[in-house]
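Sequence plus predicted model, see below.
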Amino acid sequence: MLDKIAILHTNDLHSHFENWPKIVRYLASEKHKLENQGYFVITVDLGDAVDRAHPLTEATDGKANIDLLNQVHYDAATIGNNEGLTNSKDELNHLYDDANFDVVLDNLFDLKTGKQPTWAKRKKIIKSKNGTKVKLLGLTAPYHSTYELEGWNPVDDQKIIPDLIKNDNDNYDVMVLLSHLGVTQDRLIASKFPQFDIIIGSHTHHLFKNGEYDNKSLLAAAGKYGHYVGEIKLSVSDGKITDKVASVVKTSNLPEQADDEHYIQGLEERGENILAQSKVADIPYSMHTSLRGEPSIMKEGLEAMKEKAQTDVAIMNDGLFLDDLPKGIVDKNQLHKILPHSMHVMKTTLKGYDLWRMMMEMEKIVNF
């Protein structure tokens, strides 16, 4: 019996909600259309849906993003480095509390216990109405130096995949990798592990308008920021794939509705209002930023870093602060506007030679 499977996919939204109303409507309408054409439809997200640059994401620690993802009723999602690294361990452990979809993730473990997080599944097998079984696995970019600081152990894809394949006793017809590893790793995996029929990629924001065939795998990717939505169509006969194609649709070509702009603006205003309710300080003078000299806001930031990290020296990039802070009460919304990107204070101990070398490298960049 011929079975037709379609996989709709999104990735790297990065809280760019300006495209979200169109995406939600398109996924619903396209699923309905495909089902009327006899397809069994699976919908997935590849991670980095969360980005604290948006005030609503910052205000809710990403939980508002999960509420929005719930509108789609995804079958599965994996995490990106934005979910994994811009949240504390406790925040990540509760990010998906109210998700109506499964999180599939194979290469992130608790650093102390060695166990998989309770909010993730190692695999998901979805059975179509005609009996085709599609197995989903998920891998995320293993940033060791930063994940380990938060108490996580990320395992390299080239180490974990052989174990996953060796211990694979599952009964399925199609294996799909939800990859937040980047295009280079996706191509490497395809060349070494032909067991993956489909690799849906993300992280490096690459776009394959018609897919890419590497070895026996079809690679698919839909760019970034919701600019595209991806679609994969499979034909399966007697448990064997006879055809597989990938395509994308450009969201700017999708129809708008009259209230879209109001909805998008409302998400931003909601986040700003929540942040503005949290008062941080009452400063006795204005703090100014500048790309020259010694701006007061930069000096204050460096002192705060030294106090936070208990160090003798602190370093920040010039121009990191995007605007001034006025005299008076300062709230979190003001701070978020001038420092919209999530950052971590990192502490290191350097020998004299290493410190000198670092300063020389910094001077080269300044004089470039």
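Nice, I can see it. All of these numbers come straight from a predicted model, not from anything done at the bench.

right, and Tyr143 touches Thr86 too?
No - counting by Cβ atoms under 8 Å, Tyr143 sits too far from Thr86 to count as a contact (11.5 Å). For the C-beta atoms, the positions are set from N, CA and C on the backbone; glycine is no exception.

Low-confidence stretches in the protein?
Scanning the chain for pLDDT under 70 picks out 365-368.

which of Tyr143 and Thr86 has more neighbours?
Set Tyr143 next to Thr86 and count neighbours by other Cβ atoms under 10 Å: Thr86 wins out with 23 against 14.

contacting residues for the nearest residue to that one once chain neighbours are set aside?
Spatial nearest neighbour of Thr86, excluding adjacent residues (Cβ to Cβ, 6 or more residues apart in numbering): Ser342 at 3.9 Å. Contacts for Ser342 (Cβ atoms under 8 Å, 6 or more residues apart in numbering) come out as 52-53, 82, 85-86.

Quick one: buried ones out of the residues you listed?
Neighbour-count burial (16 or more other Cβ atoms under 10 Å) is assigned, among the contacts of Ser342, to 52, 82, 85-86.

what ranges do the strands span in the stretch 101-250 of the chain?
Ranges of strands in the stretch 101-250 of the chain, per DSSP state E, counting those that start in this stretch, are 102-103, 108-110, 124-127, 133-140, 152-154, 174-180, 198-201, 207-214, 217-222, 228-237, 240-250.

Figure out which of those strands is closest to Arg357.
strand 152-154 (28.4 Å; Cβ to Cβ).

Restrict stretch 124-141 to CA atoms and write it as PDB.
This file holds the C-alpha atoms of stretch 124-141, laid out as PDB (Å, rounded to 0.1, in the frame of the first residue of the first chain):
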ATOM      1  CA  LYS A 124       9.000   9.600  19.400                       C
ATOM      2  CA  ILE A 125       7.500   7.200  17.000                       C
ATOM      3  CA  ILE A 126       4.400   8.400  15.100                       C
ATOM      4  CA  LYS A 127       2.200   5.900  13.300                       C
ATOM      5  CA  SER A 128       0.300   7.000  10.300                       C
ATOM      6  CA  LYS A 129      -3.300   5.900   9.600                       C
ATOM      7  CA  ASN A 130      -1.900   3.400   7.000                       C
ATOM      8  CA  GLY A 131       0.600   2.000   9.400                       C
ATOM      9  CA  THR A 132       3.800   3.700   8.400                       C
ATOM     10  CA  LYS A 133       6.000   4.400  11.500                       C
ATOM     11  CA  VAL A 134       8.100   7.600  11.600                       C
ATOM     12  CA  LYS A 135      10.800   7.800  14.300                       C
ATOM     13  CA  LEU A 136      11.900  11.200  15.400                       C
ATOM     14  CA  LEU A 137      15.200  11.900  17.200                       C
ATOM     15  CA  GLY A 138      16.500  15.300  18.300                       C
ATOM     16  CA  LEU A 139      20.000  16.800  18.800                       C
ATOM     17  CA  THR A 140      21.100  20.200  19.800                       C
ATOM     18  CA  ALA A 141      24.400  22.100  19.500                       C
END
